[in-house]
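Visitor: The amino acid sequence is not available; the structure is as follows:
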């Protein structure tokens, strides 16, 4: 679930950055550093699942707001 939710968030960052792979790489790097610095992924099951729930909630909010709709070309 964490991988899918993070992929949804990264696709939003990609679209928000107008196709910038650099923006996605920076976001991914910041998330990875945060996970390592806090030790949240190995600290306890409850901390891990809190991160999963947060990512899923953000991905669901982006989907619900319509931020992930396909972009149509201007005529």
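Guide: That came through fine. Please read these numbers as outputs of a predicted model, since none were measured by experiment. Residues are numbered from 1 along each chain as shown.
Visitor: Assign a three-state SS to residue 68, would you?
Guide: The three-state assignment at residue 68 reads coil, by DSSP: H, G, I helix; E, B strand; the rest coil.
Visitor: Around the residue nearest to it when sequence neighbours are not counted, how many other residues sit close by?
Guide: Using Cβ to Cβ, 6 or more residues apart in numbering and skipping the chain neighbours, the partner closest in space to residue 68 is residue 62 (5.8 Å). Placement of C-beta: from N, CA and C, glycine included. Per other Cβ atoms under 10 Å, the neighbour tally for residue 62 reads 17.
Visitor: helix or strand for residue 62, which one?
Guide: For residue 62, the host element (DSSP states H and E) is helix 45-65.
Visitor: Hmm, residue 6 is touching residue 55, no?
Guide: Yes: here residue 6 reaches residue 55: they are 5.8 Å apart, a contact under Cβ atoms under 8 Å.
Visitor: So for the worst-scoring helix or strand of the chain on mean pLDDT, what gets flagged as buried?
Guide: Least confident helix or strand, the chain: helix 40-43 with a mean of 80, by mean pLDDT, DSSP states H and E. By 16 or more other Cβ atoms under 10 Å, helix 40-43 has no buried positions at all.
Visitor: again with stretch 12-20
Guide: Neighbour-count burial for stretch 12-20 flags 12, 15 (criterion: 16+ other Cβ under 10 Å).
Visitor: what does stretch 33-47 give?
Guide: Buried, per 16+ other Cβ under 10 Å, within stretch 33-47: nothing.
Visitor: residues in contact with the helix or strand that contains residue 30?
Guide: Counting by DSSP H and E, the element that carries residue 30 is helix 21-38. Helix 21-38 is touched from outside by 6, 9, 10, 13, 14, 16, 17, 40, 41, 51, with contacts defined as Cβ atoms under 8 Å, 6 or more residues apart in numbering.
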